[in-house]
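>>> Mind looking at a prediction? Sequence and model below.
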Amino acid sequence: MTKKEYTVSKFMANVFGLLFSFLVIIIVLNFFRIFKEINLIDFLYLLFGSKDSFLASSTFIIVVFLILAILHEFLHAIGFILFSDVGWKDIKFGIIWKGLMPYVYSKVPISKSAYRIAILLPGTTLGIVPLVCGMIFTNVLIAFVGAVMTGVSGGDLLIIWMLRSIPSERKILDHPSECGFILINNND
């Protein structure tokens, strides 16, 4: 069986996701500043409330992001199941405790198009959709959550970038321990 691995280190995926998050948040802040006339102080006040409610608001936001991180991985699994022949028994969930990173992967090779959809599903549904809705309806909290969730999908975008040169007829096996995938020969 011939295989070729396409991976990026977890550290690099996290650094890229963090930088991408900052970029998206800066874009959102500038959008609110220019089009909604909400400056940074007003944005933070709308996000966290007064000094008295800062601890409660920030704790709430942290809990929301922990739940969304788990939901992010669950949506990858849903993508694997809905867009390929993968079943729940073929999905493995886990947490890399060293980096506090939840993960999911399919133990079964799938088509490139199904893999691409499964990889993009969380960033789209938890990131881009709330980001755009928050900007349209001037909801700072939803826009901020969408911006962060779009940003933390940076590792997924790196995988999509690595897929660009792979022929569409090839089978992809999600990598069980790294950020990336394994290209499987169609004869395997």
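That came through fine.
>>> What about T150, how many residues nearby?
Neighbours of T150 under the rule other C-beta atoms under 10 Å: 27. Bear in mind the C-beta positions are built from the backbone N, C-alpha and C, glycine included.
>>> wait, isn't it in contact with T125?
No - shown here, T150 and T125 do not form a contact pair, counting by C-beta atoms under 8 Å, at 10.7 Å.
>>> Now for G180, which secondary structure element holds it?
strand 179-184 (DSSP states H and E).
>>> neighbouring contacts of that strand?
The contact list for strand 179-184 (C-beta atoms under 8 Å, 6 or more residues apart in numbering) reads 1, 3-10, 12-13, 109, 115, 155, 158-159, 162-163, 166, 170-175.
>>> after the one helix or strand F43 maps to comes which helix or strand?
Assigned by DSSP H and E, F43 falls within helix 40-48. Using DSSP H and E, the helix or strand that follows helix 40-48 towards the C-terminus is helix 54-82.
>>> Would you mark the buried spots in that following helix?
Within helix 54-82, the residues scored as buried using 16 or more other C-beta atoms under 10 Å are 61, 68-69, 72-81.
>>> Given the helix or strand just after that helix, what are its sheet partners and their directions?
With elements assigned by DSSP H and E, the helix or strand that comes after helix 54-82 is strand 91-96. Note on strand 91-96: by DSSP bridges, its sheet partners are strand 101-106 (antiparallel).
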